[in-house]
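Novice: The sequence and its predicted three-dimensional model are supplied below.
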Amino acid sequence: MARLLLLTVSVSVACGGTPPPVATPVEVARENDGTVVETVHEPPGLARALGPLATVQDLVRAAQRLDERGAGESDAGCLLRGGAAGGAWRLEGSVALPIRPLPAPPDALTPRLTGRGPVQLLGVWGRRGSGTLTLAVLTATTPRRGSDVVLFVTGEGAHLRRTDREVTREEAGPHAAAALAARLAAMETPARVIVTGDAALPLASLRPFLVALPASLEAAFAVALPSNVQLPAAAAPLASDAGLCLDGLPPSTEREGELPVRVLLEAIDAARPALRECLSLAPPEAAAGGRLEVSFRVAADGGVADACARADAIGDPGVRACVLQAIGAMQLSPPSPAGVVDVVVPLLLVPDPSLAQRPLCE
């Protein structure tokens with residue numbers, strides 16, 4: 001019979017993370033023959049710098065560069081800084097790419113906006129919306145409920161589309177920057193606004209539209225995918241009760257062991273990066289998060305032999321499966337005395353409000 005260990009510490013998991021360490025700008029090394037070798041690293045933050053004449057294409061390249069260097073996370077709370085009085089720009093937003101490599105933004109979006117139907121978004125959290133026009137979201141977003149409004153900025157002005165329905169002729173545009181705030185206010189309140197533009201569109205021309213966005217709206221940058229890109233078919237939905245075990249794990253006939261609570265908490269802490277990703281997969285109706293009570297069995301070798309959810313206030317089988325996979329991948333110190341140990345731990349998954357980013361940093 002396995003020993004049942006109930007942890008009374010709730011683990012709060014937010015969709016955020018600690019920025020990676022920054023490399024030393026200059027590294028000096030001495031070879032065996034006495035030769036001194038200097039390696040000059042790129043100064044911290046230079047990958048985010050954009051010139052005063054930067055375009056949407058430069059913005060996308062900067063996002064790609066940050067992702068490649070593992071420097072995409074940011075706590076700035078805003079997407080873009082600068083541009084005042086013809087000055088330089090800076091991509092401040094937290095980057096979260098759903099595909100690699102990123103495609104270049106299209107030269108002209110207008111030919112792809114002949115219809116007024118919904119568009120599809122592809123983010124690190126999965127897909128949202130429908131339609132043949134798909135955009136890859138480049139910056140981090142909160143998993144909010146509701147639909148998104150997509151802002152396509154071209155030389156003609158701003159074209160509006162939605163992820164949940166066809167827009168009206170009046171909503172579609174193109175709209176001047178001065179009329180954008182009133183047009184958005186007249187539409188059903190969206191969860192956020194997703195912004196993209198023609199490749200050669202100067203950020204200076206994009207800025208008035210970003211200024212016009214209501215301060216209450218979360219914003220994100222995106223790039224339109226080529227029309228010939230084929231996304232993989234969505235996975236079949238899991239059964240609503242998949243991974244649930246309301247009565248806990250079945251009893252074990254193996255010898256029971258013992259584990260210090262400290263070892264268990266260290267293992268769960270190490271699993272936080274994987275757990276953070278789980279809530280980002282939630283559909284809008286489950287985006288607020290909630291509490292899961294997870295039951296798992298630590299085997300004699302320290303691996304997790306089985307895991308299930310005794311209670312799930314989130315109620316989404318995809319999120320539940322992700323959490324159980326993260327718990328199942330944990331490796332602990334072997335129990336001593338040797339044997340199996342049953343554990344029940346409450347996990348609290350809540351969205352990280354710091355992921356909500358406003359368009360401009362001023």
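Specialist: Right, received. Where do you want to start?

Novice: Going by neighbour count, which residues in stretch 255-268 are buried?
Specialist: The neighbour-count check on stretch 255-268 (16 or more other CB atoms under 10 Å) flags Glu256, Gly257, Leu259, Val263, Leu264, Ala267, Ile268 as buried. Every residue, glycine included, has its C-beta placed from N, CA and C.

Novice: what's the offset of that stretch from the middle of its chain?
Specialist: Counting by CA atoms, centre = their mean, to the nearest Å, stretch 255-268 is centred 31 Å from the centre of its parent chain.

Novice: As PDB, could you dump the C-alpha coordinates of that stretch?
Specialist: Provided in PDB are the C-alpha atoms of stretch 255-268 (Å, rounded to 0.1, in the frame of the first residue of the first chain):
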ATOM      1  CA  ARG A 255       5.900  -1.500  -0.900                       C
ATOM      2  CA  GLU A 256       5.400   2.100   0.400                       C
ATOM      3  CA  GLY A 257       8.300   4.500   0.700                       C
ATOM      4  CA  GLU A 258       8.900   7.900   2.100                       C
ATOM      5  CA  LEU A 259       9.800  11.300   0.600                       C
ATOM      6  CA  PRO A 260      10.400  14.700   2.400                       C
ATOM      7  CA  VAL A 261       8.000  17.400   1.400                       C
ATOM      8  CA  ARG A 262      11.000  19.500   0.400                       C
ATOM      9  CA  VAL A 263      11.800  17.100  -2.400                       C
ATOM     10  CA  LEU A 264       8.300  17.200  -3.700                       C
ATOM     11  CA  LEU A 265       8.100  21.000  -3.700                       C
ATOM     12  CA  GLU A 266      11.500  21.300  -5.400                       C
ATOM     13  CA  ALA A 267      10.200  19.000  -8.200                       C
ATOM     14  CA  ILE A 268       7.000  21.000  -8.700                       C
END
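
Novice: Okay, strands next: where are they in the stretch 151-300 of the chain?
Specialist: For the stretch 151-300 of the chain, the strands defined by DSSP state E, counting those that start in this stretch cover 157-162, 192-197, 218-224, 290-298.

Novice: any idea of the angle the following helix or strand past the last one forms with strand 290-298?
Specialist: Sequence order places strand 304-312 as the next helix or strand after strand 290-298, per DSSP states H and E. Between strand 304-312 and strand 290-298, the angle formed by their directions is 150 degrees, by axes from the mean of the first three to the mean of the last three CA atoms, to 10 degrees.
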